[in-house]
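Asks: Sequence isn't available, so here's the structure alone:
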């Protein structure tokens, strides 16, 4: 599962790097979408951790997530966030791990 976010000025912090909250948003969503491939759409994130490895300075963020292990009700996923620069090179700028769980929706 991949999620891409074009980096615009309003997503950058004072030094011109992607704000950590934007990287967290990308990780959370990519992890949840990946978990959905194993559990279906009725899920919520139960938690995740993120490690910022280097400043994300470029034109695009890409969060790539995959399921590591799953049960019938929960999935553990890992995610790498890559920044793509103007010349097309890619660097891992953050890594995350998290899980999602099935929920029962009342109707």
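Replies: That came through, no problem. Here the structure is a predicted model, which is why all the values come from computation and not from measurement. Numbers count the residues shown, from 1 in each chain.
Asks: biggest strand in the chain, by residue count?
Replies: strand 90-102 (DSSP state E).
Asks: The spatially most central residue of the chain: what secondary structure?
Replies: When C-alpha atoms, centre = their mean is applied to the chain, the residue found nearest the centroid is residue 27 (1.6 Å). Following DSSP: H, G, I helix; E, B strand; the rest coil, the label given to residue 27 is helix.
Asks: for it, what are its contacts?
Replies: 48, 50, 63, 65, 79, 81, 94, 96, 98 (C-beta atoms under 8 Å, 6 or more residues apart in numbering). No exception for glycine: its C-beta is placed from N, CA and C like everyone else's.
Asks: so what's it closest to, chain neighbours aside?
Replies: Ranked by C-beta to C-beta, 6 or more residues apart in numbering and with sequence neighbours excluded, the top spatial neighbour of residue 27 is residue 96, at 3.7 Å.
Asks: quick one: pLDDT of that neighbour?
Replies: You'll see residue 96 listed with a pLDDT of 98.
Asks: Could you tell me how many residues sit around it?
Replies: For residue 96, the count of nearby residues is 23 (other C-beta atoms under 10 Å).
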